[in-house]
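Visitor: Need a 3D model of the following:
(one chain, ligands or ions: 1)
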Amino acid sequence: MYYFIVNPHSRSGKGMNIWNRLKERLDREEVSYEAYLTERPGHAVELTAMLTSPHHEDTDPKNIVVLGGDGTLNEVLNGLSMSAPVSLGYIPSGSGNDFSRGMKLPRNPEKALEFLLDSQRIRTIDYGILSYGKERPVHRRFIVSSGIGYDADVCQSLLSSRLKKLLNQLHIGKLVYLVIGIKRILLCKSADGCLMLDGVKKVNLKRIRFISSHIQKFEGGGFRFAPKADPSDGYLDLCVVSGVSKLRLTVLLLASLVGRHTSCNGVRTYTCREASLHTEKPLFVHTDGEVLGKQTDIVVRCVEKKIKFMC
Ligand SMILES: Nc1ncnc2c1ncn2[C@@H]1O[C@H](COP(=O)(O)OP(=O)(O)OP(=O)(O)O)[C@@H](O)[C@H]1O
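Guide: Take a look at the predicted model:
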């Protein structure tokens with residue numbers, strides 16, 4: 001039995017057409033499934049919490065399959081009860097699809113479904129937790145990456161972008177990250193700050209452009225900010241870009257498309273289990289592309305091999 005959580009709104013509404021095609025195939029092949037369509041932002045968190053609750057009518061081990069973008073996968077991860085026996089599957093229907101890219105899953109939804117139904121393999125993978133807020137701490141899980149600064153600023157701009165819809169209609173949705181990314185280079189602010197790695201190594205930073213923390217190698221629709229990230233190693237791979245001009249940031253971003261930015265001036269990489277960051281000015285923060293407002297103090301940490309993934 002498969003439980004599908006479908007975001008019909010993903011890829012600017014194309015998610016619904018994709019689901020209709022896959023549903024036909026499931027029915028034809030008499031696969032046993034239940035499907036839940038998300039009706040609003042946050043709904044996938046509620047649906048997953050309901051399906052994995054100890055009070056759910058079926059407490060047997062469950063296969064939950066997400067059809068959506070990285071944002072929907074993030075919501076499912078955040079709704080998941082970690083004590084429930086669940087295996088996750090994923091069919092990409094988003095614009096960026098960095099999770100599929102990192103896991104080397106088929107990016108064509110039909111092929112991804114075929115792969116999932118044929119697959120017998122379970123891989124255990126890590127997830128990250130980003131925390132902020134002193135009086136009322138907030139904890140958000142992530143499975144691709146989180147970031148503070150420029151990368152989160154781009155995610156914030158995408159929320160109100162009409163270009164995303166247009167490019168998705170032209171089947172070149174992932175280009176939206178590149179186009180908005182270049183525009184935001186001109187407008188995005190930097191801040192001084194300091195990073196503490198695993199509570200022992202302190203790094204002072206001037207003019208932080210962004211710091212991304214990775215489970216997967218890619219973010220932003222194919223920027224390979226963490227070429228060495230391994231989703232099952234129990235570590236976060238950090239990409240820190242600071243003290244660079246806007247022109248240099250542009251060059252670094254282009255180099256990161258092929259993972260060649262890591263040896264350039266202004267880029268530092270670290271692996272750690274936990275990192276805390278303080279910035280002197282608030283900067284936008286994201287987890288898997290979902291924006292969490294502006295923060296000055298965040299902590300990220302890695303939870304090792306807690307997610308069972310069908311692949
Ligand atoms: N029915 C709905 N109507 C409007 N928004 C929805 C609905 N269901 C889910 N959402 C929201 O849609 C947002 C985007 O979804 P998702 O990330 O899956 O697709 P995407 O933006 O096309 O892909 P990507 O993140 O790969 O660019 C999520 O933040 C989710 O909360």
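
Visitor: Could you pull out the strands in the chain for me?
Guide: Ranges of strands in the chain, per DSSP state E, are 2-6, 33-37, 62-68, 86-92, 122-132, 138-142, 145-149, 191-197, 201-214, 236-242, 267-272, 274-287, 290-310.

Visitor: Can you tell me which of those is most buried?
Guide: Neighbour counts averaged per stretch over these are highest for strand 145-149, at a mean of 30; criterion: mean count of other C-beta atoms under 10 Å. No exception for glycine: its C-beta is placed from N, CA and C like everyone else's.

Visitor: can you point me to the longest helix in the chain?
Guide: Counting by DSSP state H, the longest helix found in the chain is helix 14-28.

Visitor: okay, the strands of the chain in a markdown table with distance to the ligand and mean pLDDT next?
Guide: Output for the strands of the chain, formatted as a markdown table (distance: least, C-beta to the nearest ligand atom, whole Å; pLDDT from 0 to 100):
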| stretch | distance to the ligand | mean pLDDT |
| --- | --- | --- |
| strand 2-6 | 9 | 98 |
| strand 33-37 | 7 | 98 |
| strand 62-68 | 4 | 97 |
| strand 86-92 | 7 | 97 |
| strand 122-132 | 16 | 97 |
| strand 138-142 | 12 | 98 |
| strand 145-149 | 12 | 98 |
| strand 191-197 | 26 | 98 |
| strand 201-214 | 15 | 98 |
| strand 236-242 | 19 | 98 |
| strand 267-272 | 24 | 98 |
| strand 274-287 | 10 | 98 |
| strand 290-310 | 6 | 97 |
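
Visitor: Make a markdown table out of these and add distance to Gly15.
Guide: As requested, the strands of the chain are exported to a markdown table (distance: least, C-beta to C-beta, whole Å):
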| stretch | distance to Gly15 |
| --- | --- |
| strand 2-6 | 7 |
| strand 33-37 | 9 |
| strand 62-68 | 6 |
| strand 86-92 | 10 |
| strand 122-132 | 23 |
| strand 138-142 | 21 |
| strand 145-149 | 22 |
| strand 191-197 | 36 |
| strand 201-214 | 25 |
| strand 236-242 | 29 |
| strand 267-272 | 34 |
| strand 274-287 | 21 |
| strand 290-310 | 16 |
